[in-house]
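**Student:** Got a predicted structure plus its sequence, pasted below:
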Protein chains: 2
Amino acid sequence: MPTDPLSATFSALADPTRRAILARLALGETSVSELAEPFAMSMPAISKHLKVLEHAGLIARSRDAQWRPCRLEPAAFKTVDAWLDRYRRFWEARFDRLDAYLQNLQAAEAAPQKRTRTKKKPSK
Amino acid sequence: MPTDPLSATFSALADPTRRAILARLALGETSVSELAEPFAMSMPAISKHLKVLEHAGLIARSRDAQWRPCRLEPAAFKTVDAWLDRYRRFWEARFDRLDAYLQNLQAAEAAPQKRTRTKKKPSK
DNA sequence: GCACTATTTTACCAATAAGTTAAATAACGG
DNA sequence: CCGTTATTTAACTTATTGGTAAAATAGTGC
(Lines give C-alpha, C1' and ligand atoms only; values in the text may rest on other atoms or scores of the structure.)
Protein backbone atom coordinates (compact mmCIF):
# COMPACT_ATOMS: atom_id res chain seq x y z
CA MET A 1 0.00 0.00 0.00
CA PRO A 2 2.41 2.71 -1.12
CA THR A 3 -0.08 5.54 -0.86
CA ASP A 4 1.61 8.87 -0.30
CA PRO A 5 0.94 10.55 3.05
CA LEU A 6 -1.01 13.50 1.70
CA SER A 7 -3.36 11.24 -0.22
CA ALA A 8 -3.87 9.15 2.90
CA THR A 9 -4.76 12.27 4.83
CA PHE A 10 -7.21 13.65 2.28
CA SER A 11 -8.71 10.22 1.92
CA ALA A 12 -9.22 10.01 5.66
CA LEU A 13 -10.95 13.38 5.63
CA ALA A 14 -13.30 12.32 2.85
CA ASP A 15 -15.77 10.72 5.23
CA PRO A 16 -18.37 12.50 7.35
CA THR A 17 -18.07 10.03 10.22
CA ARG A 18 -14.35 10.56 10.44
CA ARG A 19 -14.71 14.34 10.27
CA ALA A 20 -17.30 14.16 13.06
CA ILE A 21 -14.81 12.18 15.12
CA LEU A 22 -12.21 14.86 14.57
CA ALA A 23 -14.71 17.53 15.57
CA ARG A 24 -15.34 15.68 18.80
CA LEU A 25 -11.63 15.32 19.42
CA ALA A 26 -11.19 19.04 18.99
CA LEU A 27 -12.98 19.30 22.33
CA GLY A 28 -10.37 17.08 23.89
CA GLU A 29 -8.94 13.61 24.17
CA THR A 30 -11.47 10.83 24.73
CA SER A 31 -12.06 7.10 24.57
CA VAL A 32 -13.16 4.95 21.65
CA SER A 33 -16.56 4.07 23.07
CA GLU A 34 -17.31 7.69 23.78
CA LEU A 35 -16.32 8.56 20.23
CA ALA A 36 -18.55 5.79 18.94
CA GLU A 37 -21.59 6.81 20.95
CA PRO A 38 -23.17 9.34 18.55
CA PHE A 39 -23.03 6.97 15.58
CA ALA A 40 -25.45 4.29 14.46
CA MET A 41 -22.57 2.01 13.69
CA SER A 42 -20.86 -0.99 15.24
CA MET A 43 -17.72 -0.69 17.32
CA PRO A 44 -15.49 -2.39 14.78
CA ALA A 45 -16.58 0.16 12.22
CA ILE A 46 -15.47 2.98 14.50
CA SER A 47 -12.28 1.14 15.27
CA LYS A 48 -11.54 0.98 11.57
CA HIS A 49 -12.24 4.68 11.14
CA LEU A 50 -9.83 5.43 13.95
CA LYS A 51 -7.19 3.29 12.35
CA VAL A 52 -7.61 5.24 9.13
CA LEU A 53 -7.32 8.54 10.98
CA GLU A 54 -4.27 7.35 12.85
CA HIS A 55 -2.62 6.05 9.70
CA ALA A 56 -3.34 9.43 8.11
CA GLY A 57 -1.51 11.17 10.94
CA LEU A 58 -4.62 13.03 12.05
CA ILE A 59 -4.90 11.42 15.47
CA ALA A 60 -2.69 9.59 17.93
CA ARG A 61 -3.63 6.96 20.44
CA SER A 62 -2.28 6.14 23.86
CA ARG A 63 -3.28 3.63 26.48
CA ASP A 64 -4.90 4.12 29.84
CA ALA A 65 -5.94 0.80 31.39
CA GLN A 66 -8.41 -0.79 29.00
CA TRP A 67 -9.12 2.52 27.30
CA ARG A 68 -7.32 3.76 24.23
CA PRO A 69 -7.75 7.51 24.39
CA CYS A 70 -7.45 9.36 21.10
CA ARG A 71 -6.33 12.91 20.52
CA LEU A 72 -5.81 15.15 17.54
CA GLU A 73 -2.34 15.13 16.03
CA PRO A 74 -1.40 18.52 14.62
CA ALA A 75 1.11 17.35 12.02
CA ALA A 76 -1.28 16.16 9.32
CA PHE A 77 -3.49 19.22 9.72
CA LYS A 78 -0.47 21.38 9.19
CA THR A 79 0.44 19.47 6.07
CA VAL A 80 -3.01 19.95 4.60
CA ASP A 81 -2.86 23.63 5.40
CA ALA A 82 0.52 23.93 3.75
CA TRP A 83 -0.79 22.23 0.64
CA LEU A 84 -3.82 24.48 0.55
CA ASP A 85 -1.67 27.52 1.03
CA ARG A 86 -0.24 27.21 -2.46
CA TYR A 87 -3.72 27.92 -3.76
CA ARG A 88 -4.67 30.60 -1.29
CA ARG A 89 -3.70 33.49 -3.52
CA PHE A 90 -5.97 31.95 -6.08
CA TRP A 91 -9.26 32.18 -4.21
CA GLU A 92 -8.33 35.28 -2.31
CA ALA A 93 -8.27 37.34 -5.49
CA ARG A 94 -10.26 40.08 -3.86
CA PHE A 95 -11.45 41.92 -6.97
CA ASP A 96 -7.79 42.55 -7.43
CA ARG A 97 -7.06 43.32 -11.07
CA LEU A 98 -3.38 42.70 -10.55
CA ASP A 99 -4.00 39.16 -9.42
CA ALA A 100 -6.03 38.34 -12.48
CA TYR A 101 -3.46 39.97 -14.67
CA LEU A 102 -0.62 37.96 -13.19
CA GLN A 103 -2.60 34.79 -13.49
CA ASN A 104 -3.28 35.36 -17.17
CA LEU A 105 0.31 36.27 -17.72
CA GLN A 106 1.46 33.00 -16.22
CA ALA A 107 -1.15 31.14 -18.19
CA ALA A 108 0.18 32.62 -21.40
CA GLU A 109 3.69 31.52 -20.55
CA ALA A 110 2.70 28.07 -19.42
CA ALA A 111 0.53 27.27 -22.44
CA PRO A 112 2.28 29.00 -25.36
CA GLN A 113 1.61 28.27 -29.06
CA LYS A 114 -0.27 24.95 -29.36
CA ARG A 115 -3.38 26.92 -30.11
CA THR A 116 -2.09 28.78 -33.16
CA ARG A 117 -4.52 26.89 -35.38
CA THR A 118 -7.79 28.81 -35.03
CA LYS A 119 -9.16 30.98 -32.37
CA LYS A 120 -12.91 31.41 -32.34
CA LYS A 121 -15.76 30.75 -34.66
CA PRO A 122 -15.96 34.01 -36.66
CA SER A 123 -19.60 34.96 -36.21
CA LYS A 124 -21.87 31.95 -36.82
CA MET B 1 -24.89 8.79 -4.62
CA PRO B 2 -25.82 11.31 -1.95
CA THR B 3 -22.27 12.09 -0.93
CA ASP B 4 -21.98 15.41 0.82
CA PRO B 5 -20.00 18.11 -1.01
CA LEU B 6 -17.13 18.31 1.45
CA SER B 7 -16.54 14.57 1.29
CA ALA B 8 -16.58 14.76 -2.48
CA THR B 9 -13.98 17.49 -2.39
CA PHE B 10 -11.64 15.73 0.03
CA SER B 11 -12.09 12.53 -1.90
CA ALA B 12 -11.12 14.30 -5.11
CA LEU B 13 -7.99 15.65 -3.44
CA ALA B 14 -6.97 12.21 -2.24
CA ASP B 15 -5.23 11.31 -5.48
CA PRO B 16 -1.78 12.49 -6.58
CA THR B 17 -2.75 12.63 -10.25
CA ARG B 18 -5.65 14.92 -9.49
CA ARG B 19 -3.53 17.12 -7.23
CA ALA B 20 -0.94 17.37 -9.99
CA ILE B 21 -3.67 18.45 -12.37
CA LEU B 22 -4.69 21.17 -9.94
CA ALA B 23 -1.08 22.28 -9.62
CA ARG B 24 -0.91 22.61 -13.37
CA LEU B 25 -4.16 24.54 -13.46
CA ALA B 26 -2.81 26.95 -10.88
CA LEU B 27 -0.58 28.16 -13.71
CA GLY B 28 -3.62 28.88 -15.81
CA GLU B 29 -6.50 27.45 -17.80
CA THR B 30 -5.58 24.73 -20.26
CA SER B 31 -6.92 21.89 -22.40
CA VAL B 32 -7.51 18.27 -21.48
CA SER B 33 -4.78 16.86 -23.70
CA GLU B 34 -2.26 19.29 -22.31
CA LEU B 35 -3.27 18.29 -18.80
CA ALA B 36 -2.92 14.65 -19.76
CA GLU B 37 0.51 15.03 -21.28
CA PRO B 38 2.69 14.52 -18.17
CA PHE B 39 0.94 11.31 -17.15
CA ALA B 40 1.51 7.73 -18.23
CA MET B 41 -2.18 7.19 -18.45
CA SER B 42 -4.85 6.96 -21.12
CA MET B 43 -7.06 9.87 -22.07
CA PRO B 44 -10.23 8.36 -20.63
CA ALA B 45 -8.47 8.05 -17.28
CA ILE B 46 -7.69 11.76 -17.29
CA SER B 47 -11.19 12.53 -18.45
CA LYS B 48 -12.52 10.66 -15.43
CA HIS B 49 -10.19 12.48 -13.08
CA LEU B 50 -11.42 15.77 -14.48
CA LYS B 51 -14.99 14.71 -13.99
CA VAL B 52 -14.23 13.94 -10.36
CA LEU B 53 -12.56 17.31 -9.89
CA GLU B 54 -15.45 19.09 -11.55
CA HIS B 55 -18.02 17.24 -9.50
CA ALA B 56 -16.03 18.19 -6.41
CA GLY B 57 -16.27 21.84 -7.36
CA LEU B 58 -12.52 22.18 -7.70
CA ILE B 59 -12.47 22.96 -11.42
CA ALA B 60 -14.85 24.27 -14.05
CA ARG B 61 -14.89 23.53 -17.74
CA SER B 62 -15.86 25.60 -20.72
CA ARG B 63 -15.82 24.98 -24.43
CA ASP B 64 -13.61 26.43 -27.10
CA ALA B 65 -14.09 24.61 -30.39
CA GLN B 66 -13.14 20.99 -29.81
CA TRP B 67 -11.21 21.86 -26.69
CA ARG B 68 -12.68 21.79 -23.22
CA PRO B 69 -10.44 24.15 -21.28
CA CYS B 70 -10.34 23.61 -17.53
CA ARG B 71 -9.69 26.15 -14.83
CA LEU B 72 -9.56 26.18 -11.06
CA GLU B 73 -12.79 26.98 -9.27
CA PRO B 74 -12.18 28.86 -6.03
CA ALA B 75 -15.36 27.81 -4.21
CA ALA B 76 -14.33 24.30 -3.14
CA PHE B 77 -10.87 25.48 -2.07
CA LYS B 78 -12.49 28.07 0.12
CA THR B 79 -14.74 25.45 1.66
CA VAL B 80 -11.80 23.25 2.54
CA ASP B 81 -9.99 26.21 4.04
CA ALA B 82 -13.03 27.11 6.10
CA TRP B 83 -13.26 23.56 7.40
CA LEU B 84 -9.59 23.51 8.25
CA ASP B 85 -9.87 26.82 9.98
CA ARG B 86 -11.85 25.32 12.85
CA TYR B 87 -8.73 23.32 13.71
CA ARG B 88 -6.20 26.04 13.11
CA ARG B 89 -6.01 27.15 16.71
CA PHE B 90 -5.24 23.55 17.49
CA TRP B 91 -1.98 23.20 15.60
CA GLU B 92 -0.96 26.78 16.05
CA ALA B 93 -0.59 26.26 19.80
CA ARG B 94 2.73 28.03 19.87
CA PHE B 95 4.08 26.74 23.16
CA ASP B 96 1.16 28.60 24.57
CA ARG B 97 0.27 27.27 28.00
CA LEU B 98 -3.08 28.99 27.87
CA ASP B 99 -4.09 27.06 24.80
CA ALA B 100 -3.33 23.73 26.40
CA TYR B 101 -5.10 24.79 29.52
CA LEU B 102 -8.26 25.75 27.65
CA GLN B 103 -8.15 22.56 25.68
CA ASN B 104 -8.00 20.45 28.82
CA LEU B 105 -10.71 22.48 30.41
CA GLN B 106 -13.00 21.84 27.46
CA ALA B 107 -12.06 18.19 27.52
CA ALA B 108 -13.09 17.95 31.14
CA GLU B 109 -16.45 19.50 30.37
CA ALA B 110 -17.09 17.46 27.28
CA ALA B 111 -16.19 14.13 28.89
CA PRO B 112 -17.45 14.44 32.46
CA GLN B 113 -17.87 11.52 34.90
CA LYS B 114 -17.86 8.25 32.93
CA ARG B 115 -14.37 7.63 34.21
CA THR B 116 -15.16 7.79 37.91
CA ARG B 117 -14.25 4.15 38.25
CA THR B 118 -10.49 4.15 38.60
CA LYS B 119 -7.88 6.57 37.56
CA LYS B 120 -4.37 5.23 37.34
CA LYS B 121 -2.54 2.22 38.56
CA PRO B 122 -1.29 3.39 41.99
CA SER B 123 2.35 2.39 41.82
CA LYS B 124 2.53 -1.29 40.85
C1' DG C 1 -19.50 15.61 -47.01
C1' DC C 2 -15.02 13.77 -45.35
C1' DA C 3 -10.85 13.38 -42.80
C1' DC C 4 -8.98 14.90 -38.71
C1' DT C 5 -8.44 16.35 -33.80
C1' DA C 6 -10.18 16.54 -29.04
C1' DT C 7 -12.77 14.53 -25.73
C1' DT C 8 -16.26 11.55 -23.68
C1' DT C 9 -18.95 7.28 -23.16
C1' DT C 10 -19.40 2.36 -22.68
C1' DA C 11 -18.20 -2.00 -20.99
C1' DC C 12 -15.21 -4.31 -18.55
C1' DC C 13 -11.67 -5.74 -14.58
C1' DA C 14 -8.96 -5.74 -10.26
C1' DA C 15 -8.19 -3.57 -5.96
C1' DT C 16 -9.92 -0.98 -2.10
C1' DA C 17 -13.27 0.76 1.22
C1' DA C 18 -17.04 0.61 4.48
C1' DG C 19 -19.88 -1.96 6.80
C1' DT C 20 -21.43 -6.46 9.20
C1' DT C 21 -21.18 -10.42 12.95
C1' DA C 22 -18.52 -13.42 15.72
C1' DA C 23 -14.39 -14.34 18.07
C1' DA C 24 -10.04 -12.83 20.18
C1' DT C 25 -7.13 -9.70 23.35
C1' DA C 26 -6.17 -6.71 27.06
C1' DA C 27 -6.72 -4.84 31.59
C1' DC C 28 -9.30 -4.29 35.80
C1' DG C 29 -11.31 -5.69 40.19
C1' DG C 30 -13.01 -8.72 43.43
C1' DC D 1 -8.80 -17.28 38.55
C1' DC D 2 -13.24 -15.24 36.88
C1' DG D 3 -16.42 -12.10 35.19
C1' DT D 4 -16.76 -7.67 33.13
C1' DT D 5 -15.54 -3.79 30.21
C1' DA D 6 -13.00 -1.82 26.26
C1' DT D 7 -11.20 -2.55 22.04
C1' DT D 8 -9.32 -5.03 18.06
C1' DT D 9 -8.99 -8.84 14.65
C1' DA D 10 -10.87 -12.08 11.33
C1' DA D 11 -13.78 -13.34 7.73
C1' DC D 12 -17.04 -11.97 4.74
C1' DT D 13 -20.24 -8.91 1.58
C1' DT D 14 -21.25 -5.14 -1.28
C1' DA D 15 -20.22 -0.78 -3.52
C1' DT D 16 -16.88 2.32 -5.33
C1' DT D 17 -12.58 3.51 -7.56
C1' DG D 18 -8.99 3.78 -10.99
C1' DG D 19 -7.56 1.91 -14.79
C1' DT D 20 -8.08 -0.20 -19.69
C1' DA D 21 -9.49 -0.56 -24.89
C1' DA D 22 -12.85 0.33 -28.30
C1' DA D 23 -16.48 3.04 -29.97
C1' DA D 24 -19.17 7.30 -30.01
C1' DT D 25 -19.61 12.45 -30.21
C1' DA D 26 -18.43 17.18 -31.25
C1' DG D 27 -16.24 20.68 -33.89
C1' DT D 28 -12.78 22.28 -37.71
C1' DG D 29 -11.34 23.02 -42.13
C1' DC D 30 -10.88 21.91 -46.73
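**Tutor:** Thanks, I have the structure now.

**Student:** so which strand or helix has A:Phe39?
**Tutor:** Using DSSP states H and E, A:Phe39 is not contained in any helix or strand.

**Student:** how about low-confidence regions in chain A?
**Tutor:** A:1-2, A:93-124 (pLDDT under 70).

**Student:** Which residues of it lie near DNA strand C?
**Tutor:** A:1, A:3, A:11, A:14-15, A:17, A:40-42, A:44-45, A:48-49, A:52, A:63, A:65-66 (Cβ under 7 Å from any atom of the strand). C-beta here means a position set from N, CA and C on the backbone, and glycine is covered the same way.

**Student:** Mind checking which of those residues land in strands?
**Tutor:** Assigned to strands by DSSP state E, none of the residues of chain A next to DNA strand C qualify.

**Student:** Kindly identify which of those also come near DNA strand D.
**Tutor:** Within the residues of chain A next to DNA strand C, those near DNA strand D by Cβ under 7 Å from any atom of the strand are A:44, A:48, A:66.

**Student:** quick one: which of the residues you listed is nearest A:Leu58?
**Tutor:** The closest of those to A:Leu58 turns out to be A:Lys48 (Cβ to Cβ; 14.3 Å).

**Student:** Report the separation between that closest one and A:Ala12.
**Tutor:** 11 Å (Cβ to Cβ, to the nearest Å).

**Student:** and those two? which has more neighbours close in?
**Tutor:** A count of neighbours by other Cβ atoms under 10 Å in any protein chain shown puts A:Ala12 above the other of A:Lys48 and A:Ala12, at 24 against 13.

**Student:** List the contacts of the more buried one.
**Tutor:** Residues near A:Ala12 by Cβ atoms under 8 Å, 6 or more residues apart in numbering or on different chains: A:18, A:52-53, A:55-56, A:58.

**Student:** who wins for neighbours among those?
**Tutor:** Ranking these using other Cβ under 10 Å puts A:Leu58 first, with 28 neighbours.

**Student:** helices or strands next to the lengthiest helix in chain A in the packing?
**Tutor:** If you go by DSSP state H, chain A has its longest helix at helix A:74-91. On a contact count with 3 or more Cβ pairs under 8 Å, 6 or more residues apart in numbering or on different chains; DSSP states H and E, helix A:74-91 meets helix A:5-13, helix B:16-25, helix B:74-91.

**Student:** Please tell me how far A:Lys78 sits from B:Ile21.
**Tutor:** Distance from A:Lys78 to B:Ile21, by Cβ to Cβ: 24 Å.

**Student:** cool, and A:Val32?
**Tutor:** 38 Å.

**Student:** do the same with A:Arg86
**Tutor:** For A:Arg86, the distance to B:Ile21 - Cβ to Cβ - is 14 Å.

**Student:** These two - which one has more neighbours?
**Tutor:** B:Ile21 (26 against 11).

**Student:** just checking, A:Thr79 touches A:Ser7?
**Tutor:** No. Applying Cβ atoms under 8 Å as the test, A:Thr79 and A:Ser7 come out as separate, 11.3 Å apart.

**Student:** Quick one: residues contacting the residue nearest to A:Ser62 when sequence neighbours are not counted.
**Tutor:** Spatial nearest neighbour of A:Ser62, excluding adjacent residues (Cβ to Cβ, 6 or more residues apart in numbering or on different chains): A:Pro69 at 5.6 Å. Contact analysis of A:Pro69 by Cβ under 8 Å, 6+ apart lists A:29-31, A:61-63.

**Student:** mind running it again at 6 Å?
**Tutor:** A:Pro69 sits next to A:29, A:31, A:62 when contact means Cβ atoms under 6 Å, 6 or more residues apart in numbering or on different chains.
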